[in-house]
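**Student:** A structural model of the following input is requested.
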Amino acid sequence: MKLKRLSQLVLVSAASLVAAGLITACSTLTADFVYVTSALAAGPNQYGQVDVFEVNSDSGRMRQIPASPFPSGGRNPVADAPAPDNASLYVVNEDDNSIVQFIIGNDGKLYPNSTVNTPGVFPFAITISSGAKLLYVLDLYQPLPTCSTASPCSGAVSVFPINKDDTLGNPSTNSSIGASYWPLILPSNPTHVMTPTGLTVAASGAYLYVTAYDSTSGGGYIFGFTANSDGTLTPLNGGVPFAAGTQPSSIAQDPVGNYIYATDQATGKILGYQETNGLLTPVSGSPFPSGNAPVAIVVDALGKFAYAVNSLDANVTAYSINNGTLTRVGTYTTGTQPVAIGIDPSRNQYLYTANFLSGDVSGFQINPTDGSLLISQFSPFKSNAQPTAVAAIPHRLPNK
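**Tutor:** Numbers count the residues shown, from 1 in each chain. Take a look at the predicted model:
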C-alpha cells in the first residue's frame, strides 16, 4: 500500500447463467464486485487496466464480468477506492498524476466520468472519509521545482471534497504555505527526505495518519493530522510524528475501535497503536511478528481479526485482536508477491489479495469464529498482469 507503495486496500453484472455453474450478478448469489487495478500498459493509449470480478456469495468463487477489463484512464494505476455511496470508483494513475472517477453500473461495469490531477507528483495511495465525504491522496513528492526522481524530496498529502455526484471538488488549501497540500516534515530535521508509504483515516473520521520513513538517515514514522470538517488538516502533536519502526510500508485502522496498525517492511513486524484524542501509544506486545516484507494490512469490519500480506513469502498472516493486541492465528499461501489486500464489504466473509508477479487474485473465506482462512473455490483467479490494488463494493440490485 514500488512494493512499499502497492498497498493499500482496504476494499459487484448482467450475464447469463453458464453451464459450468458460474453465477451472474443478476442472481442474488453475487455478493460483491471486486475491482483490481493492473499496472502493465495495454491498449492504444498504454493505459493500465481495471479487472472487475463478481463474487459468488456461497463459494467465494470469482469471475470477470462481461467487458472486463476496463482501461484505467491513465498510466500505471496503483490504487483504487469506492465512493461513500458505492456508486463510483476512484482510480489513481501514478504516472499521469491523476485520479479518474468511474461511475459504477448496476452490472458492475465502469464508465469514466471525470478526472482531476493531484497537487503533488506521483500519487500512489488514497483513503476516503465516508462521513465527511473527503478523499485523501498521498503524493510521493511535493510539487517543487527541485523535486525529481533524480533529486527526491519529501512527500505530501492533499484533500479533495467529494461532491454529491461523486465528482471531486478543488483540493483544500493549506493556508500556512498557500498551496493545496500538506508536506511531511520532520521538525527535528526539516531537510530530511520523508518518503511516504500509506495513509488511513481513524474510525471516527477525526484523524488522518500517514506512514513514512526517513530516506536521509533512516527511521520510520506515523504523521498524524486532525481531519477538519472543511477539508483542511492540522498537524497533531505539534507536528512531531510518532515513532514507527524502521520502514513502515502500510497502515490500517480498526473500523470499530481506537486501534491503528502499521506494517514494517524492513523488520517483518506489525506495529499496533491505541488512538486517544488522535495521539498514538503502542499497545501491549507491539510490535508483533509477521513474515518477510509485509506490505499491506486490513482489519475486518467487526474489529475481531487482522490480516497482513507478506510479499516475499507469498502468504498472508491472520491475527485475532484482543484489546488491540494481535495473536497469530495462521499463515496461508497466496500467489507470488502479494501487494494488496481487502475484505468483502457485503458479508465480511471473503478476503482477497492482489498478487503482482503471478498476475492473479487469491480468494479466501474467513472463519467468523477464529479468523482462520479457507481457500476459495478455484482460487487463485487470473487477472491482468501486475495487479497493484484491490477494492470491493456490495452488489447493488437495480433500483435498490
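**Student:** per-residue pLDDT, L17?
**Tutor:** Here, the pLDDT recorded for L17 equals 27.
**Student:** no no, L271
**Tutor:** 98.
**Student:** could you list every residue that touches it?
**Tutor:** In this structure, L271 makes contact with A244, G245, P248, Y261, A262, T263, D264, P282, S286, P287, F288, judged by Cβ atoms under 8 Å, 6 or more residues apart in numbering. Where you see a C-beta, it was placed from the backbone N, CA and C, and this is true even at glycine.
**Student:** pLDDT of the host helix or strand of I251, averaged?
**Tutor:** In the assignment (DSSP states H and E), I251 maps to strand 248-253. For strand 248-253, mean pLDDT is 97.
**Student:** Stretch 197-211 too?
**Tutor:** 96.
**Student:** ok, of the contacts of L271, which come out buried?
**Tutor:** Among those, those buried by neighbour count (16 or more other Cβ atoms under 10 Å) are A244, G245, P248, Y261, A262, T263, D264, S286, P287, F288.
**Student:** can you pull up the bridge partners for the fourth one?
**Tutor:** The residues paired with Y261 through beta bridges, assigned by DSSP bridges, are A252, G272.
**Student:** what bits of the stretch 251-400 of the chain have low per-residue confidence?
**Tutor:** Along the stretch 251-400 of the chain, segments meeting pLDDT under 70 span 396-400.
**Student:** ok, back up a step: which two in the contacts of L271 are spaced the farthest apart?
**Tutor:** Greatest spacing in these, by Cβ to Cβ: T263 and P282 (14.8 Å).
**Student:** can you pull out the strands in the stretch 301-400 of the chain?
**Tutor:** Taking DSSP state E, counting those that start in this stretch to define them, one finds strands in the stretch 301-400 of the chain at 305-310, 315-322, 325-333, 338-343, 350-355, 360-366, 373-375, 381-382, 387-394.
**Student:** could those strands be laid out in a markdown table, adding mean neighbour count?
**Tutor:** Listed next are those as a markdown table, based on neighbours: other Cβ atoms under 10 Å:
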| stretch | mean neighbour count |
| --- | --- |
| strand 305-310 | 26 |
| strand 315-322 | 21 |
| strand 325-333 | 16 |
| strand 338-343 | 30 |
| strand 350-355 | 29 |
| strand 360-366 | 24 |
| strand 373-375 | 17 |
| strand 381-382 | 19 |
| strand 387-394 | 27 |
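**Student:** In a markdown table, list the ones you listed along with distance to G239.
**Tutor:** Below are these laid out as a markdown table (distance: least, Cβ to Cβ, whole Å):
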| stretch | distance to G239 |
| --- | --- |
| strand 305-310 | 29 |
| strand 315-322 | 30 |
| strand 325-333 | 29 |
| strand 338-343 | 30 |
| strand 350-355 | 34 |
| strand 360-366 | 39 |
| strand 373-375 | 40 |
| strand 381-382 | 44 |
| strand 387-394 | 30 |
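**Student:** So which of the contacts of L271 is the closest to N384?
**Tutor:** Closest to N384, out of all of the contacts of L271 and judged by Cβ to Cβ, is T263, at 25.5 Å.
**Student:** Tell me if I am right that the closest one is in a helix.
**Tutor:** No: the assignment for T263, made by DSSP: H, G, I helix; E, B strand; the rest coil, is strand rather than a helix.
**Student:** Leaving out the residues flanking it, which one is nearest to it?
**Tutor:** Closest residue in space to T263, ignoring its immediate chain neighbours: P294 at 3.9 Å, by Cβ to Cβ, 6 or more residues apart in numbering.
**Student:** how near is that neighbour to S249?
**Tutor:** 7 Å (Cβ to Cβ, to the nearest Å).
**Student:** any idea which of the buried ones among the contacts of L271 is the one closest to S151?
**Tutor:** Using Cβ to Cβ, the buried ones among the contacts of L271 come closest to S151 at P248, 23.6 Å.
**Student:** mind checking pLDDT for the residue nearest to N93 when sequence neighbours are not counted?
**Tutor:** Leaving aside its sequence neighbours, N93 sits nearest to G74 (Cβ to Cβ, 6+ apart; 2.6 Å). Per-residue pLDDT puts G74 at 97.
**Student:** Counting by contacts, list what the longest strand seen in the chain packs against.
**Tutor:** If you go by DSSP state E, the chain has its longest strand at strand 30-42. With contacts taken as 3 or more Cβ pairs under 8 Å, 6 or more residues apart in numbering; DSSP states H and E, strand 30-42 sits against strand 47-56, strand 77-82, strand 350-355, strand 387-394.
**Student:** need these in CSV with distance to A206, can you?
**Tutor:** Conversion of the helices and strands packed on strand 30-42 to CSV gives the following (distance: least, Cβ to Cβ, whole Å):
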stretch, distance to A206
strand 47-56, 31
strand 77-82, 19
strand 350-355, 28
strand 387-394, 23
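**Student:** Nearest to N189, out of those?
**Tutor:** Taking the helices and strands packed on strand 30-42 one by one with Cβ to Cβ, strand 77-82 is closest: 28.4 Å.
**Student:** what helices or strands is the closest one leaning on?
**Tutor:** strand 30-42, strand 47-56, strand 88-93, strand 121-129, strand 387-394.
**Student:** quick one on the thing from earlier: can you give me the neighbour number for the residue nearest to N93?
**Tutor:** Neighbourhood size, G74 [other Cβ atoms under 10 Å]: 21.
**Student:** who's I341 bridged to?
**Tutor:** Assigned bridge partners for I341, using DSSP bridges, are T353.
**Student:** Let me see the contact set for it.
**Tutor:** 9-10, 296-298, 307-309, 316, 351-354, 390.
**Student:** likewise I393?
**Tutor:** V12, D32, F33, Y35, P82, N86, L89, I104, P345.
**Student:** Grab the nearest non-local neighbour of it.
**Tutor:** N86 (4.2 Å).
**Student:** Kindly report the same for L186.
**Tutor:** H192 (5.2 Å).
**Student:** what's the helix or strand for that neighbour?
**Tutor:** Applying DSSP H and E, one finds H192 in no helix or strand.
**Student:** shouldn't it be in contact with Y213?
**Tutor:** No: under the criterion of Cβ atoms under 8 Å, H192 makes no contact with Y213, lying 10.2 Å away.
**Student:** more crowded one of the two?
**Tutor:** Y213 (24 against 17).
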